[in-house]
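> sequence plus predicted model, see below.
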Amino acid sequence: MAKRPTLILDHEALRYNMRTVVAWCGEAGIDVAGVIKVTTGMASVALDYESCGAKWVASSRLEQLARAKEAGVKVPLLMIRVPMISELDEMVRICDYSLESGLDTLISLDQAAKKAGRTHNVILMADLGDLREGLIEKPELVELAKYVEDKLDSLHLAGIGTNLGCVGSVMPTEEKMLMLSEWAEAVEDAIGRPLEVVSGGATSSLMPLFDKVMPPKVNMLRIGAIVYCGPYEDLRTCYGRKEADELRGDVFTLEAEVVEVSTKPTHPIGQLGVNAFGEKATYVDRGERKRAILAIGRADYGDLGDMIPLLEGLEITMASGDHTILDIEDCREDIRVGDVVRFALKYSAILRLTASENVTIEEKNI
Ligand SMILES: *Cc1c(COP(=O)(O)O)cnc(C)c1O
């Protein structure tokens, strides 16, 4: 028996989702960069993405891309967090593409590529309002593109891209995608040749694709979340997009073990201050109810809301770093100490659980 808690990864479900998303994008002339950072960069996931048709494997962490390379991934590797100057030498050895946003880094990157005897491909980022990385004015982006094209011999300007729906929650509307296309055209006019890549964003940019309003110029999306979460992704849970229901929600399943079953009051007894995380919590008095404690906690998965119980009638009520309290009063199944309780997972829970040393990862159908 695998050591618990156990995070089960079903590769068959994962590949089904990857193939489906690659096909959706393919119909619109879009290639997928398969983003693996959500899984803390599991090499087996990178290999799945490649076999399902991703044209790049992408991550925000170099060590994860190094692992993918080590595991034999052949498609080009794409670094999607603007690199630190201190990691440029390493980056040009590990990957062929990166997202970039500033002159100083580009000049150093050109030197690093020259030193390594390589040509490194760059995608310049346009900030269309989400306020993360990138240039916020079109003329600045065009000027930087021209500089890379004319002055930095060891860099190849592969294209431009943008990121939306992230720190600023800005929606990837048709208007934003048209803006990206227009900026790409402005760069092409300035350098006198077409760009190979116009990278329209992440999972959230599937919305304009579903609505058939994606401009033809956009030809790359960098997709992570939805292939791992399926119907538990924001696209479904926040935006109600039914397309996500076509994907499997059982790629990752968490199994945690019950360590106590008891019947207790639902309202704490005594003068209330703050909980283990310094939060002033509120408690609803529902009288005495049957409950169970799981040997897993917020240190492993983060927020309660990112775990979806797979047993009907079961409710997560509270948690500390290492304990999760379940209300099992309305649960039809008899739950006892030593039993396992299973959960589907949202994005942040997968991100944390794959990185937790308390959690054993079990891979099925690899
Ligand atoms: C994380 C990330 C992605 C992938 O986002 P998902 O929502 O997981 O699809 C794409 N691009 C960049 C720059 C990222 O940082």
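In hand now; what should we look at? Computed from a prediction, not measured in an experiment: that's the story for all the values here.
> residue of the chain closest to the ligand, please.
Closest residue of the chain to the ligand, Cβ to the nearest ligand atom: Gly224 (2.7 Å). C-beta coordinates here come from the backbone N, C-alpha and C atoms, glycine included.
> what count of nearby residues applies to the residue nearest to that residue when sequence neighbours are not counted?
Leaving aside its sequence neighbours, Gly224 sits nearest to Val35 (Cβ to Cβ, 6 or more residues apart in numbering; 3.3 Å). For Val35, the neighbour count with other Cβ atoms under 10 Å is 27.
> ok, the residue of the chain closest to the ligand - how many residues close by?
Burial of Gly224 is recorded as 25 neighbouring residues (other Cβ under 10 Å).
> again, but for Asn358
14.
> what residues does this protein put near the ligand?
Within the chain, the positions near the ligand by Cβ under 6 Å from any ligand atom are 35, 37-38, 60, 80, 99, 163, 202-203, 222-225.
> isn't Asp300 up against Arg352?
Yes - between Asp300 and Arg352 there is a contact under Cβ atoms under 8 Å: 6.5 Å.
> span of stretch 203-216 from start to end?
This stretch, stretch 203-216, spans 18 Å end to end (Cα to Cα, to the nearest Å).
> outside of it, which residues touch it?
21, 24-25, 28-30, 164-165, 171-174, 177-178, 180-181, 200, 218, 221, 223-226, 233-235, 239, 241, 243 (Cβ atoms under 8 Å, 6 or more residues apart in numbering).
> one step back: more neighbours: Asp300 and Arg352, which one.
Between Asp300 and Arg352, counted using other Cβ under 10 Å, the more crowded position is Asp300 (24 against 19).
> before we move on, the earlier item: what would the residues of the chain next to the ligand look like in CSV with secondary structure?
Conversion of the residues of the chain next to the ligand to CSV gives the following (DSSP: H, G, I helix; E, B strand; the rest coil):
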residue, secondary structure
Val35, strand
Lys37, helix
Val38, helix
Ser60, coil
Ile80, coil
Leu99, strand
Asn163, coil
Ala202, coil
Thr203, helix
Arg222, strand
Ile223, strand
Gly224, coil
Ala225, helix
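> same list (those residues) but as a markdown table, adding distance to Ala295.
A markdown table is the format used below for the residues of the chain next to the ligand (distance: Cβ to Cβ, whole Å):
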| residue | distance to Ala295 |
| --- | --- |
| Val35 | 31 |
| Lys37 | 27 |
| Val38 | 24 |
| Ser60 | 31 |
| Ile80 | 35 |
| Leu99 | 40 |
| Asn163 | 38 |
| Ala202 | 34 |
| Thr203 | 32 |
| Arg222 | 36 |
| Ile223 | 34 |
| Gly224 | 29 |
| Ala225 | 28 |
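> need the residues you listed in TSV (columns: pLDDT).
Shown next, in TSV, are those (pLDDT from 0 to 100):
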residue	pLDDT
Val35	98
Lys37	98
Val38	97
Ser60	98
Ile80	98
Leu99	98
Asn163	96
Ala202	97
Thr203	97
Arg222	98
Ile223	98
Gly224	98
Ala225	98
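> what's the burial count for Ala66?
19.
> kindly report the same for the one 5 residues further on.
Applying other Cβ under 10 Å, we find 15 residues neighbouring Ala71.
> distance of it from Leu77?
For Ala71, the distance to Leu77 equals 11 Å [Cβ to Cβ, to the nearest Å].
> now do Ala54
Separation of Ala54 from Leu77 (Cβ to Cβ) stands at 11 Å.
> which one's more surrounded, those two?
Ala54 (27 against 24).
> assumed that one was part of a helix.
No - with three-state DSSP as the criterion, Ala54 is assigned coil and is not in a helix.
> report the contact partners of the closest residue to it other than its chain neighbours.
Leaving aside its sequence neighbours, Ala54 sits nearest to Gly34 (Cβ to Cβ, 6+ apart; 3.4 Å). Taking Cβ under 8 Å, 6+ apart, we find Gly34 in contact with Met18, Ala46, Tyr49, Glu50, Cys52, Ala54, Trp56, Val57, Ala58, Ile223, Gly224, Val227.
> same thing but 10 Å
Gly34 sits next to 18, 21-22, 45-46, 48-50, 52-59, 68, 73, 75, 78, 222-224, 227 when contact means Cβ atoms under 10 Å, 6 or more residues apart in numbering.
> the residue lying closest to Glu333 once chain neighbours are set aside: neighbour count?
Counting by Cβ to Cβ, 6+ apart, Leu311 is the residue found nearest to Glu333 once chain neighbours are left out, at 6.3 Å. For Leu311, the number of neighbouring residues by other Cβ under 10 Å comes to 14.
> same deal with Val251?
Neighbours of Val251 using other Cβ under 10 Å come to 27.
> and the helices in the stretch 1-150 of the chain?
11-27, 43-51, 62-70, 88-94, 103-116, 138-151 (DSSP state H, counting those that start in this stretch).
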